[in-house]
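Participant: the sequence isn't on hand, but the structure is:
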Ligand SMILES: [Zn+2]
């Protein structure tokens, strides 16, 4: 890979942070969640191949009502893939400023019906490969609604951010992502690399100084431009074989939370 002169200085904050983990003799755990899969597309293949090259596991959040059997067949052959449900239809039933598939104002009956449809469809498509993990579209779900997830067979919620959603019942697990590589409000392509590296280093520093919790990276293969793909490629090159980094399966991370 040809690297520009700025490459080393761009990744320096992450290298420094990982050196601090190394000094503490603690493994820095990273994990990858990729949203919005519905079918096998060149972008999905590119993602899975990139991950396979570096032996990086990933959680694919699939939109149940739109997913097809090609996707199920393809993912069943990817040993690094784990699978979660991403909404039911991924349609917005909230306002424009607060998009959500299951906003608090929707009826509880409708919400439980659609969550059950989501879980049933996932099991029909992926069998035991469908993990009982729910990823709400737009990462938005009020605690009152999230507390209905166990009724539909979901055990774990994944949104974005460091804080747990307040008011969740104890039976519902949570495993969040932290770094979204897409610039949704601007280009709707990949974000500036320097900004992403700085943010990732800051998340890792917080984890190192507090609870050593895993840091999750969020991708959306269908909207990746070359800037986003290059970031992922460089991130894997920097971290996949780093002695202190463990790219982890979400099932392993959940097991270690107990
Ligand atoms: Zn989505």
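Facilitator: Looks like it came in fine. Everything numeric in this text was worked out from a predicted model, so none of it was measured.

Participant: surely residue 123 meets residue 130?
Facilitator: Yes: using C-beta atoms under 8 Å, residue 123 makes contact with residue 130 at a distance of 5.2 Å. Placement of C-beta: from N, CA and C, glycine included.

Participant: the two - which one has more neighbours?
Facilitator: In terms of neighbours (other C-beta atoms under 10 Å), residue 130 is the more surrounded of residue 123 and residue 130; the figures are 23 against 16.

Participant: list the contacts of that one.
Facilitator: Residues near residue 130 by C-beta atoms under 8 Å, 6 or more residues apart in numbering: 83, 84, 85, 119, 122, 123.

Participant: let's see that with 6 Å instead.
Facilitator: Contact analysis of residue 130 by C-beta atoms under 6 Å, 6 or more residues apart in numbering lists 83, 122, 123.

Participant: what's the separation between it and the ion?
Facilitator: As judged by C-beta to the ion, to the nearest Å, residue 130 and the ion stand 17 Å apart.

Participant: look up how far residue 70 lies from the closest residue to that residue other than its chain neighbours.
Facilitator: Spatial nearest neighbour of residue 130, chain neighbours left out: residue 122 (3.8 Å); criterion: C-beta to C-beta, 6 or more residues apart in numbering. Distance of residue 122 to residue 70, given as C-beta to C-beta, to the nearest Å: 15 Å.

Participant: tell me the mean pLDDT for the host helix or strand of residue 253?
Facilitator: Counting by DSSP states H and E, the secondary-structure element that holds residue 253 is helix 250-257. Averaging pLDDT along helix 250-257 yields 94.

Participant: please apply the same query to stretch 142-150.
Facilitator: If you average the pLDDT over stretch 142-150, you get 94.

Participant: if I look at the nearest residue to residue 257 once chain neighbours are set aside, what pLDDT would I see?
Facilitator: What sits nearest to residue 257 in space, not counting adjacent residues and going by C-beta to C-beta, 6+ apart, is residue 173, at 6.7 Å. Residue 173 is assigned a pLDDT of 92 by the prediction.

Participant: bridge partners for residue 173, pull those for me.
Facilitator: Under DSSP bridges, the beta-bridge partners of residue 173 are residue 156.
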